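> Quick one: sequence and predicted model below, then my questions.
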Amino acid sequence: MRIYLNSLEAITDIGRELKKCSTSVHTQTMQNKDIANDPDFETKEIQAFEFCIINMSDKDEMPDVTLEWAREEFKERISSSFQNPGTAWQLRPEIWAEFLVKKETKFEDGSLNQDDVFEYTYNERIQWQLQPVIQELRKHPASRQAIIEVHNRMLDTESMGQKRIPCSMFYQFMVRDGKLDVLYVMRSSDFATHFQNDIWLADELRNYIAKQVNLPPGKFIMFVSSLHTYKKDWALLSNY
């Protein structure tokens with residue numbers, strides 16, 4: 001596992017690794033889109049990339065984190081009311097608008113209503129798990145069971161290759177050495193568009209829970225099964 005002192009050091013080294021040590025692969029789908037014959041979606045990929053960041057206090061300075069969107073997105077993720085589609089996505093319409101789908105609602109009088117929604121939101125997946133995890137950490141500080149799942153086998157298995165399913169698998173929170181660590185596991189992350197936002201949001205979730213259990217933040221540990229960047233974004237790697 002690679003160990004970095006801060007998030008800027010991590011991003012610089014990881015970008016360099018993708019540029020120099022990745023392999024080429026072209027998947028058939030990207031979320032719910034068919035990209036099999038689109039040359040822009042050839043990828044540079046590193047499998048099973050694992051790393052630890054000791055101090056995340058500089059995360060706002062990561063070069064490609066979208067701070068305005070990330071802050072609003074985080075508010076929606078932890079909102080006690082269900083949010084779909086919410087409004088944060090409107091700060092990055094060039095990324096998210098294409099993933100809106102029509103949801104049809106039939107009323108008792110027979111009338112129909114169609115709304116633009118996402119096939120899932122992080123709010124729908126995680127907000128109801130927050131308090132149980134916080135209570136577990138308060139009751140059993142050394143617990144290995146404080147996990148917030150995002151990918152849901154019952155919901156997502158039948159959607160593979162057809163609908164959007166979460167890239168995040170789960171967040172695990174562990175109290176070690178008097179601090180709250182987070183272990184963040186992803187099946188897939190796009191370095192150019194989402195990776196730094198994924199890191200920022202995971203750390204913000206850890207900070208939120210740390211405040212609830214009155215602990216300082218500890219280590220940030222992340223595992224990504226497929227860390228990749230698409231050909232359309234390869235020019236970005238010249239910065240590393």
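Nice, thanks for sending it over. Numbers count the residues shown, from 1 in each chain.
> What is the neighbour count of the closest residue to Arg187 other than its chain neighbours?
Nearest residue to Arg187, sequence neighbours excluded (Cβ to Cβ, 6 or more residues apart in numbering): Ser225, at 4.9 Å. From N, CA and C alone the C-beta is placed, and that goes for glycine too. Residues lying near Ser225 (other Cβ atoms under 10 Å) number 16.
> Could you do the one 4 residues further on as well?
Thr229 has 23 neighbours, counted by other Cβ under 10 Å.
> do the same with Glu42
Applying other Cβ under 10 Å, I find that Glu42 has 17 neighbouring residues.
> May I have the phi/psi pair for it?
phi -60, psi 140 (degrees, to the nearest 10).
> Can you give me the distance of it to Ser24?
The spacing between Glu42 and Ser24, counted by Cβ to Cβ, to the nearest Å, is 6 Å.
> cool, and Met1?
25 Å.
> Pull up the pairing partners for the helix or strand where Leu180 lies, direction included.
In this structure, Leu180 sits in strand 179-186 according to DSSP states H and E. The pairing partners recorded for strand 179-186 under DSSP bridges are strand 168-176 (antiparallel), strand 217-230 (parallel).
> And the strands in this structure?
Ranges of strands in the chain, per DSSP state E, are 2-6, 23-25, 29-30, 33-34, 43-55, 101-106, 112-117, 147-149, 168-176, 179-186, 189-190, 217-230.
> Mind putting those strands into CSV with mean pLDDT?
Listed next are the strands of the chain as CSV, based on pLDDT from 0 to 100:
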stretch, mean pLDDT
strand 2-6, 98
strand 23-25, 96
strand 29-30, 89
strand 33-34, 90
strand 43-55, 98
strand 101-106, 78
strand 112-117, 80
strand 147-149, 98
strand 168-176, 98
strand 179-186, 98
strand 189-190, 98
strand 217-230, 98
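> Which one of the ones you listed lies nearest to Leu130?
With Cβ to Cβ as the criterion, Leu130 lies closest to strand 147-149 of these, at 7.2 Å.
> ok, and for the closest one, which residues are buried?
Ile147, Ile148, Glu149 (16 or more other Cβ atoms under 10 Å).
> Closest one to Ala36 out of those, please.
Glu149 (29.9 Å).
> check contacts around that closest one.
Glu149 sits next to Arg125, Ile126, Gln129, Met169, Phe170 when contact means Cβ atoms under 8 Å, 6 or more residues apart in numbering.
> farthest-separated two in those?
Gln129 and Met169 (13.6 Å).
> what's the residue sitting nearest the centre point of the chain in contact with, if anything?
Of all residues in the chain, the one closest to the mean position by Cα atoms, centre = their mean is Asp198, 3.9 Å from it. Contacts for Asp198 (Cβ under 8 Å, 6+ apart) come out as Cys167, Ser168, Tyr184, Met186, Ser189.
> what about the nearest residue to Cys167 once chain neighbours are set aside, how many neighbours?
In this structure, Cys167 finds its nearest non-sequential neighbour in Ser188, 4.7 Å apart by Cβ to Cβ, 6+ apart. Per other Cβ under 10 Å, the neighbour tally for Ser188 reads 19.
> And the one 5 residues further on, by the same measure?
In terms of burial, Thr193 registers 18 neighbours under the definition other Cβ under 10 Å.
> can you tell me how far it sits from Met30?
11 Å.
> same deal with Asp40?
For Asp40 relative to Met30 (Cβ to Cβ), the value is 10 Å.
> Regarding the protein, what is its longest helix?
Counting by DSSP state H, the longest helix found in the chain is helix 196-212.
> centre of the chain versus that one, how much separation?
Centroid separation between helix 196-212 and its chain, computed with Cα atoms, centre = their mean, to the nearest Å, is 11 Å.
> then that helix to PDB, C-alphas only?
Provided in PDB are the C-alpha atoms of helix 196-212 (Å, rounded to 0.1, in the frame of the first residue of the first chain):
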ATOM      1  CA  GLN A 196     -10.700  13.800  -6.500                       C
ATOM      2  CA  ASN A 197     -14.300  14.500  -5.800                       C
ATOM      3  CA  ASP A 198     -14.700  10.900  -4.600                       C
ATOM      4  CA  ILE A 199     -11.800  11.400  -2.200                       C
ATOM      5  CA  TRP A 200     -13.100  14.800  -1.000                       C
ATOM      6  CA  LEU A 201     -16.600  13.500  -0.300                       C
ATOM      7  CA  ALA A 202     -15.400  10.400   1.500                       C
ATOM      8  CA  ASP A 203     -13.200  12.500   3.800                       C
ATOM      9  CA  GLU A 204     -16.000  14.900   4.400                       C
ATOM     10  CA  LEU A 205     -18.200  12.000   5.400                       C
ATOM     11  CA  ARG A 206     -15.500  10.800   7.800                       C
ATOM     12  CA  ASN A 207     -15.200  14.300   9.300                       C
ATOM     13  CA  TYR A 208     -18.900  14.500   9.800                       C
ATOM     14  CA  ILE A 209     -19.000  11.200  11.600                       C
ATOM     15  CA  ALA A 210     -15.800  12.100  13.600                       C
ATOM     16  CA  LYS A 211     -17.600  15.200  15.000                       C
ATOM     17  CA  GLN A 212     -20.600  13.100  16.000                       C
END
